[in-house]
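Visitor: This is a predicted model, with the sequence first.
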2 protein chains.
Amino acid sequence: MTPTIARVPKATFRAQIVDGLRSAILGGELAPGAQVTESSLAEQFGVSRGPLREAMRQLIDEGLLVTVPYTGTHVVDLSVDDIREIYSMRVNLEIFAFELVWNRRDDAFRAGLHGRHAALTRCIDNQDDVASIEAELQLHGFVYEAAGHRILFRTWESIRGRLQLYWAAHHRAHGLRGPRRDGHDSYVANALGDDLEQMRAEIRSHMARGGQQTEAFLRGLAGPGAAAPSPTP
Amino acid sequence: MTPTIARVPKATFRAQIVDGLRSAILGGELAPGAQVTESSLAEQFGVSRGPLREAMRQLIDEGLLVTVPYTGTHVVDLSVDDIREIYSMRVNLEIFAFELVWNRRDDAFRAGLHGRHAALTRCIDNQDDVASIEAELQLHGFVYEAAGHRILFRTWESIRGRLQLYWAAHHRAHGLRGPRRDGHDSYVANALGDDLEQMRAEIRSHMARGGQQTEAFLRGLAGPGAAAPSPTP
DNA sequence: CCATGATTGATTGTTGACAATCGATCACCG
DNA sequence: CGGTGATCGATTGTCAACAATCAATCATGG
């Protein structure tokens, strides 16, 4: 799959900082709502403010940071509406991905899907929450990649971070989430089946399940009032 | 719709440069494939390389510039596959937008759609190509905005620039595009009609028409061989 | 007591200079 | 003549200092 000779990883500072900072946010070292200042981060990472600034701007673009000019930058604090949007968007993106890949599902695809499903199952059996989150992202990401549609994949990437952030926060608050495995057994079964329409339904119910958990969880945290039924731009 | 007191526009340099640079690319002053260096642009805009760098990075994110580290940055040169992806993505995004807005279509929505349709028709009658491109983007953008889904709207924004870049290049090479008006008459009619499924079909055919023109045009420019039937990531 | 305006500390925005890297060119040698 | 390594110009990457802006605080006057 990958070329035998890998390109030497000449990581620019910005790229390294993006990875490190994202890990810190997703890992919970930087809590949602926490303020992050360029100076302090620059010192922690041991670099100047220049490259760090650009890294922060990328994370702002990914929706993990929010900034207001001349004032400050904070780790994003996801609202109920945010999660609702993420899940409703995922329904459309993932159905599109399966439409693209459906008639091109080959042995490599089936093997890749089975492998990632097995990995996810293992992580759940071991009750390794952090690993199962990563494994679930790998499973879904594999589908997006197999679709072979760069814009679609990029769009998935643009929401993946926030999805992971929510999952991580959920896990730290509630521990292991029970329904995860069952959901994916039927998910994978349908993904390798013969009925595309049934797969569409599977995705809708899969996301609806996640969405319900989400709303209950976030309502419990933030209390009512933060959610507007019809968000106006 | 908008608050009576608008926020005073204290544009940071980066924001201004983003707008100016994007206009230069979409306006054709910077041709596709042309190299853009930070130094020369910084001089032209009369600012330092810092903010200009960040502006360039945003346009890289929008897909209007491509860069390779330590080497150079160029205006993107869209391939047949790129356009194909943009149009197939638009089908899904726009159908999603109409699903969201369908049961919330009110007088403001109908008026907004009619107004933008009329504006587009006027531009076409005046054979003002640049204005019709802008008007068509306004028409579609209005739908995305009315959907009230921030992630969806942001995704639309992430492909809008490249779509406009293609349209502008097409216009400069081929002049006014005939089918544009008819397509939008039936588009608006269905958008205000009662049959959501028919609107889905309308969007699919609308995009298919644009996509066909596209492929013929780009094939003529670049010659065959650049297009791979099944793109692999 | 409330409203108003100045002050201040913190944070981001901007700048110019310096360093690292790349691609092409060219001399050199077998 | 072919290939190999050094050189060079161009471009991006990085840095540390300076400027602009903001939000909160506090004094001031009614």
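Guide: Received it, and whenever you're ready, just let me know what you need. Residues are numbered from 1 along each chain as shown, chains lettered A, B, ... in the order given.
Visitor: From now on I want contacts and neighbour counts done on CA atoms only, so please keep to that.
Guide: Noted.
Visitor: Need the contact partners of whichever strand or helix holds residue A:43.
Guide: Assigned by DSSP states H and E, residue A:43 belongs to helix A:38-45. Residues outside helix A:38-45 that contact it (C-alpha atoms under 8 Å, 6 or more residues apart in numbering or on different chains) are A:17, A:48, A:49, A:52, A:53.
Visitor: For the residue sitting nearest the centre point of chain A, give me its contacts.
Guide: With distances taken as C-alpha atoms, centre = their mean, residue A:160 lies nearest the centre of chain A, 2.6 Å away. The contact partners of residue A:160, by C-alpha under 8 Å, 6+ apart, come to residue A:137.
Visitor: what about stretch A:43-54, how long is it end to end?
Guide: 15 Å (C-alpha to C-alpha, to the nearest Å).
Visitor: Return the set of buried residues in it.
Guide: For stretch A:43-54, the neighbour count (16 or more other C-alpha atoms under 10 Å in any protein chain shown) marks A:49, A:51, A:52, A:53, A:54 as buried.
Visitor: Redo those residues as JSON lines? Include pLDDT, distance to residue A:207 and secondary structure.
Guide: Formatted as JSON lines, those follow (pLDDT from 0 to 100; distance: C-alpha to C-alpha, whole Å; DSSP: H, G, I helix; E, B strand; the rest coil):
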{"residue": "A:49", "pLDDT": "96", "distance to residue A:207": "40", "secondary structure": "helix"}
{"residue": "A:51", "pLDDT": "95", "distance to residue A:207": "37", "secondary structure": "helix"}
{"residue": "A:52", "pLDDT": "96", "distance to residue A:207": "35", "secondary structure": "helix"}
{"residue": "A:53", "pLDDT": "96", "distance to residue A:207": "35", "secondary structure": "helix"}
{"residue": "A:54", "pLDDT": "96", "distance to residue A:207": "34", "secondary structure": "helix"}
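Visitor: ok, and which of these reach chain B?
Guide: Counting by C-alpha under 8 Å from any C-alpha of the partner chain, residue A:54 from the buried residues of stretch A:43-54 sit close to chain B.
Visitor: and which of the buried residues of stretch A:43-54 is nearest DNA strand D?
Guide: Checking the buried residues of stretch A:43-54 against DNA strand D with C-alpha to the nearest atom of the strand, the nearest one is residue A:51 at 4.7 Å.
Visitor: Just the pLDDT at the nearest residue to the closest one once chain neighbours are set aside, thanks.
Guide: Once flanking residues are discounted, residue A:51 sits nearest to residue A:14: 5.1 Å by C-alpha to C-alpha, 6 or more residues apart in numbering or on different chains. In this model, residue A:14 is scored at 93, pLDDT.
Visitor: same question, residue A:212
Guide: 73.
Visitor: How much space separates it from residue A:83?
Guide: For residue A:212, the distance to residue A:83 - C-alpha to C-alpha - is 10 Å.
Visitor: how deep is residue A:172 tucked in, by neighbour count?
Guide: By other C-alpha atoms under 10 Å in any protein chain shown, 14 other residues sit near residue A:172.
Visitor: circling back to that earlier point, does any bit of the helix holding residue A:43 sit next to DNA strand D?
Guide: No - using C-alpha under 7 Å from any atom of the strand, we find that helix A:38-45 stays clear of DNA strand D, coming within 8.0 Å at best.
Visitor: ok, and does that helix reach over to DNA strand C?
Guide: Yes - residues of helix A:38-45 are located near DNA strand C by C-alpha under 7 Å from any atom of the strand, namely A:38, A:39.
Visitor: any idea how far that helix is from the chain center?
Guide: 26 Å (C-alpha atoms, centre = their mean, to the nearest Å).
Visitor: hmm, back to that, okay, among the buried residues of stretch A:43-54, which ones form the most distant pair?
Guide: A:49 and A:54 (8.7 Å; C-alpha to C-alpha).
Visitor: Which residues are in contact with each of these two?
Guide: Common neighbours of residue A:49 and residue A:54 are not found (criterion: C-alpha under 8 Å, 6+ apart).
Visitor: need the residues of chain A near DNA strand D, please.
Guide: So chain A meets DNA strand D at A:12, A:13, A:14, A:46, A:47, A:48, A:49, A:50, A:51, A:69, A:70, A:71 (C-alpha under 7 Å from any atom of the strand).
Visitor: Relative to residue A:19, how far out is the first one?
Guide: Computed with C-alpha to C-alpha, the distance linking residue A:12 and residue A:19 is 11 Å.
Visitor: do the same with the last one
Guide: To residue A:19, residue A:71 is 24 Å away according to C-alpha to C-alpha.
Visitor: So, low pLDDT: which residues of chain A?
Guide: A:1-10, A:176-182, A:211, A:214-233 (pLDDT under 70).
Visitor: can you rerun that using 80?
Guide: Along chain A, the model assigns pLDDT under 80 to residues A:1-11, A:174-183, A:210-233.
Visitor: which residues of it fall in helices?
Guide: All helices of chain A, identified by DSSP state H, fall at A:13-26, A:38-45, A:49-62, A:80-101, A:107-125, A:129-146, A:150-174, A:180-191, A:196-222.
Visitor: domains for chain A, by residue range?
Guide: Domain assignment for chain A, taken from automatic domain parsing, gives A:13-75, A:80-222.
Visitor: Span of the shortest one from start to end?
Guide: It refers to domain A:13-75. End-to-end distance for domain A:13-75, by C-alpha to C-alpha: 21 Å.
Visitor: Nothing else from me, thank you.
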